[in-house]
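A.B. asks: take a look and give me a structure for this.
(chains A and B)
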There are 2 protein chains.
Amino acid sequence: MVRTQPSPTPNLVSIKDVEALLETFFDGSIDSAHRMSPHYATLWREMKRITFAGGKRLRPRMVLLTYQAFGGDDAAAVVPVAAAQEVLHASLLMHDDIIDRDFIRYGTPNVMGGYQKIYQPLVKDAGERTHYAESAALLGGDLLISAAYQLIGQSSLPPEKVALVYQQLGETIFQVAGGELLDTESALRPVGAIPAELIAIHKTASYTFVAPLLIGATLAGITAEQKVFLRIYAENLGVAFQLQDDLLGVFGDDKQTGKSTTGDLREGKRTYMVEQFYALASDAQKATFEKSFGNDHLTDVQAEELRALLIEAGAKVRTEEIIATYEQRARKALDELLLFGGAHQQFTDLIDKAIRRTK
Amino acid sequence: MVRTQPSPTPNLVSIKDVEALLETFFDGSIDSAHRMSPHYATLWREMKRITFAGGKRLRPRMVLLTYQAFGGDDAAAVVPVAAAQEVLHASLLMHDDIIDRDFIRYGTPNVMGGYQKIYQPLVKDAGERTHYAESAALLGGDLLISAAYQLIGQSSLPPEKVALVYQQLGETIFQVAGGELLDTESALRPVGAIPAELIAIHKTASYTFVAPLLIGATLAGITAEQKVFLRIYAENLGVAFQLQDDLLGVFGDDKQTGKSTTGDLREGKRTYMVEQFYALASDAQKATFEKSFGNDHLTDVQAEELRALLIEAGAKVRTEEIIATYEQRARKALDELLLFGGAHQQFTDLIDKAIRRTK
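C.D. replies: Below is the predicted model of the structure:
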């Protein structure tokens, strides 16, 4: 008798399924928009272009990771939920770029940058053109917030589970918009008035780690106790990730990170490290620091001086220490999760990727 | 035996129930935001302030109207759905005001205007202050798009009906964002390149009439045939409403409308009437028109000249005629709906309110 090969299970999904769904989603939207007007289709094409120009699909990957690690058995139904995390991410980037007045993303023009070109022959005044481009990106972000909900609605999960995911998405948007507001306002208030850790929890950890990891796990039927530890793991990992990002933004190797290590110093970004500098430095050090921190025309020599001050005052070490503390807490929570074998390894790898990175 | 009075049915709801739910929703959000930061609570307080500063609650009223007219028997479950229409409206206004650079709504500062005051002591430069204020309003609108979905999720309707409402909301946002983009871009393109009627269908009729009327009726269990006629009624009513709005924006009585009748002429707003002017006017009339149409410093005398030109060229009459055509179509569809008694009257009243209005 011939043994048949085990057929590939239809429930084994990968990030490629998420990619395929995203492609279908954008193509369908471009078609629908085109039925209204070719100008509307242009906006959707711009949104598709930037979504596929980069991004590591970190958030959908985490949804699939926890769903499968905690024994979920209908992964195909979770693909739209995973895709929704990426669409939310794209939406947040679009609006974040408006707030930060950034026109480049993944080394290419973002939606706003794309529209500056599209409107070039139509609007002479550069300021006006930027405003129109910003308006298009604003509408784009709005559409993708709604699209995140719509993608979830496409899932074949039972209604009570879909309702859970909707709720979690609402909670996430509530958190991340608040975090974004605090981040924006922190530049207007005294250093430390809005702690960088608070911003990191709400603006980064909430939607980059907590939501994707918890959604996957919740759908797989994680216990209430596991949920507590998974949330601790995700939140601490998320804050460590953001603080590491800030550290690399000043002390990283720009060849590896792909972004300038003077940008944050030139902007005067209020990171945890800068907060620590203000807590630890002498008045003389602070006076020297303030001479060039946040200076639009910062030179490389001045940037090197700022880095030296951050080291001398102990702000760099203090930041590395707190990152280590967050990492420890994440590892401890992971132990409490009692995940064995492959699953445990994947969660440990995630810590290494998020924190022990150089880019 | 004592006959008891029939107890008031718990399913008889009114717009007051919607108001109460909106109040509960905003207060709950303010509380949750406050747990994150008092600065975040400020944003939610600003959003509540402007939502309760005005607005006729036209959209929730229409949801309740059709639900009850088509025999829906669980009106209490529809209240969150009705409230969601108002929250979507508030969100769209917030982002529309960013696009139009308007700082006043209902005769009082909108969220952007409110934040200009809040940031006054924190940001010296007026342009920078406006950008920060705009960022807060941008996040506010994002939060309310998500909140519209969340409110629907609060309904006690069966899951398959909730799913229908989610779908309709997604379709509406897709329509209205497209309409808004076309409206914005119409100013950049030749008159008539993006027809005003197309914009009116997508930007106004879609979410002001079609969505609220269809959602209420769909939840009440309207037949597929009735749905066709209700959609025709709603869409024609919506376009007539917008064209009437544009007419009042130029020829209305500013004491009754509460808004300047030179604003649209000063802005150079591309209405249906202006399109008709360009189709009908002589070259000489067009040349005179273009001397002051869209002029930032338009005088009252010039505005009066523009009005005279719109009348002379026949653009005003042509607009009144097309409004009458849309009205006729709405009335015809209403007849096909075969609604009798009170219900029919309410739908006729809606036509009168939307079109035969002076304010």
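
A.B. asks: which residue does chain A have closest to chain B?
C.D. replies: Closest residue of chain A to chain B, Cβ to the nearest Cβ: residue A:159 (3.4 Å). In this view, the C-beta of every residue, glycine as well, is placed from N, C-alpha and C.

A.B. asks: nearest spatial neighbour of that residue, chain-adjacent residues omitted?
C.D. replies: Closest residue to residue A:159 apart from its sequence neighbours, by Cβ to Cβ, 6 or more residues apart in numbering or on different chains: residue B:159 at 3.4 Å.

A.B. asks: and that neighbour, how far from residue A:148?
C.D. replies: Noted for residue B:159: a distance of 19 Å to residue A:148, by Cβ to Cβ, to the nearest Å.

A.B. asks: pLDDT weak spots in the stretch 1-150 of chain A?
C.D. replies: Applying pLDDT under 70 to the stretch 1-150 of chain A flags the ranges A:1-11.

A.B. asks: mind doing that once more with 90?
C.D. replies: For the stretch 1-150 of chain A, residues meeting the criterion pLDDT under 90 lie at A:1-13, A:55.

A.B. asks: near chain B, which residues of it?
C.D. replies: Residues of the stretch 1-150 of chain A lying close to chain B (Cβ under 8 Å from any Cβ of the partner chain) are A:29, A:32-33, A:36-37, A:39-40, A:43, A:91, A:95, A:98-99, A:101, A:119, A:122-123, A:131-132, A:135-136, A:138-139, A:141-143, A:145-147, A:149-150.

A.B. asks: buried subset of those residues?
C.D. replies: Using 16 or more other Cβ atoms under 10 Å in any protein chain shown as the burial test, the residues of the stretch 1-150 of chain A next to chain B include A:29, A:32-33, A:36-37, A:39-40, A:43, A:91, A:95, A:98-99, A:119, A:123, A:131-132, A:135-136, A:138-139, A:141-143, A:145-147, A:149-150 as buried.

A.B. asks: go ahead and confirm residue A:83 touches residue A:25.
C.D. replies: Yes: counting by Cβ atoms under 8 Å, residue A:83 touches residue A:25, with 6.8 Å between them.

A.B. asks: okay, and the common contacts of those two?
C.D. replies: Residues touching both residue A:83 and residue A:25 by Cβ atoms under 8 Å, 6 or more residues apart in numbering or on different chains: residue A:151.

A.B. asks: neighbour count: those two, which is higher?
C.D. replies: Legend: neighbour count by other Cβ atoms under 10 Å in any protein chain shown for residue A:83 and residue A:25, higher for residue A:83 (29 against 21).

A.B. asks: and the residue nearest the centre of chain A?
C.D. replies: residue A:208 (4.8 Å; Cα atoms, centre = their mean).

A.B. asks: pull the contacting residues for residue A:358.
C.D. replies: If a contact means Cβ under 8 Å, 6+ apart, then residue A:358 has A:248, A:252-253, A:256-257 as its contacts.

A.B. asks: run the last query once more with 6 Å
C.D. replies: Counting by Cβ atoms under 6 Å, 6 or more residues apart in numbering or on different chains, residue A:358 touches residue A:256.

A.B. asks: residue A:292 too?
C.D. replies: Counting by Cβ under 6 Å, 6+ apart, residue A:292 makes contact with A:298, A:302.

A.B. asks: try it again at 7 Å.
C.D. replies: In this structure, residue A:292 makes contact with A:298, A:302, A:305-306, judged by Cβ atoms under 7 Å, 6 or more residues apart in numbering or on different chains.

A.B. asks: next, give me the two most distant ones among the residues you listed.
C.D. replies: A:298 and A:305 (9.8 Å; Cβ to Cβ).

A.B. asks: chain center to the helix or strand hosting residue A:181: distance?
C.D. replies: If you go by DSSP states H and E, residue A:181 is part of helix A:159-186. Averaged C-alpha coordinates place helix A:159-186 at 13 Å from its chain's average position (Cα atoms, centre = their mean, to the nearest Å).

A.B. asks: over to stretch A:232-247?
C.D. replies: Relative to its chain's centre, stretch A:232-247 lies at 11 Å (Cα atoms, centre = their mean).

A.B. asks: for it, what is the average pLDDT?
C.D. replies: For stretch A:232-247, mean pLDDT rounds to 96.

A.B. asks: over to residue A:104: give its phi and psi.
C.D. replies: With angles defined as degrees, to the nearest 10, residue A:104 sits at phi -120, psi 140.

A.B. asks: need the three-state assignment for residue A:218.
C.D. replies: Recorded secondary structure, residue A:218: helix (DSSP: H, G, I helix; E, B strand; the rest coil).
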